[in-house]
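Asks: Pasting a predicted model and its sequence here:
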Amino acid sequence: MSDGEGGLAQPVAASDTLAAHLDERQVTLGEGPASDVIAGHDLVRVADLTAAEQSARWPIFSDIARERGVHACVALPLQAGVVELGVLTIYRKRPGLLSSDAFSDALAYADAALALALDHYIELPLHRLKSLDELFAPPRSVIHQATGMVSVQLGVSLAAALARLRAHAYANDRSLADVAADVVARRLRFDDEP
């Protein structure tokens, strides 16, 4: 996931459909291990998503992960100095922390992902790139635009509008980016909802 302002992030790549689904759910819900890394800039290691502490920390994400057979996770920041590019999240089907060797491998994968991201960034003509956000998350601007539109439609704060977008996406089992695109294209209005 790429880092984002206001807790918004966008999945960039996933190893399989399960990881892609869980990453997208984190964006939609605004909770989960990658969301915590983005908010706190520190790694997250969870040995057991069934633990009461994790259910309290991420009430909906923990349930979704467990329903999909995921019982543990690690989320590592992709950061070079003060430049934060995103998060590498690793999901496990069995409870328990990664072994020392597996954790070392995870750190190596995070370093490789960071190196690829930086290499990709450096290859871009700098006059074309306004920010690193453009490199990783083109749909984010649509989410911001939709948040503003919903805010005006309902006469609520931007935070409340984003919460409504996330709730609608979750309730309809859709991605936040897809719901936002419908709002911007005027296929979906929130002032028409009961």
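Replies: Looks like it came in fine. Remember, it's a predicted structure, so these values are computed and weren't measured experimentally.

Asks: Alpha carbons of the longest helix along the chain, in CSV - could you do that?
Replies: Of all the segments of type helix in the chain, defined by DSSP state H, the longest one is helix 100-123. The C-alpha coordinates for helix 100-123 follow below in CSV (Å, rounded to 0.1, in the frame of the first residue of the first chain):
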residue,chain,number,x,y,z
SER,A,100,13.8,-14.9,13.0
ASP,A,101,14.8,-16.2,9.6
ALA,A,102,11.4,-15.5,8.1
PHE,A,103,11.3,-12.0,9.7
SER,A,104,14.8,-11.3,8.2
ASP,A,105,13.4,-12.4,4.8
ALA,A,106,10.4,-10.1,5.2
LEU,A,107,12.8,-7.2,6.0
ALA,A,108,14.8,-8.0,2.8
TYR,A,109,11.6,-8.0,0.8
ALA,A,110,10.6,-4.7,2.2
ASP,A,111,14.1,-3.3,1.3
ALA,A,112,13.7,-4.7,-2.2
ALA,A,113,10.2,-3.1,-2.6
LEU,A,114,11.6,0.2,-1.3
ALA,A,115,14.5,0.0,-3.8
LEU,A,116,12.2,-0.8,-6.7
ALA,A,117,9.9,2.1,-5.7
LEU,A,118,12.8,4.5,-5.4
ASP,A,119,14.3,3.3,-8.7
HIS,A,120,10.9,3.8,-10.4
TYR,A,121,10.6,7.3,-8.9
ILE,A,122,14.1,8.4,-9.9
GLU,A,123,13.5,7.2,-13.5
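
Asks: All the strands of the protein, in order from the start?
Replies: For the chain, applying DSSP state E gives strands covering 44-46, 72-80, 83-92.

Asks: Helices along this protein, start to end?
Replies: 17-29, 33-40, 52-57, 59-67, 100-123, 132-136, 139-154, 158-171, 176-184.

Asks: thinking again about what came up before, Throw the strands of the chain into JSON lines and include mean pLDDT, thanks.
Replies: Listed next are those as JSON lines, based on pLDDT from 0 to 100:
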{"stretch": "strand 44-46", "mean pLDDT": "92"}
{"stretch": "strand 72-80", "mean pLDDT": "87"}
{"stretch": "strand 83-92", "mean pLDDT": "85"}
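
Asks: nearest to Arg174, of those?
Replies: Of all those, strand 83-92 sits nearest to Arg174, with 20.8 Å by C-beta to C-beta. (C-beta placed from N, C-alpha, C; glycine too.)

Asks: From the chain's centroid, how far away is the closest one?
Replies: Distance, stretch centre to chain centre, for strand 83-92: 9 Å (C-alpha atoms, centre = their mean, to the nearest Å).

Asks: again with stretch 141-152
Replies: Put simply, stretch 141-152 sits 18 Å off its chain's centre (C-alpha atoms, centre = their mean).
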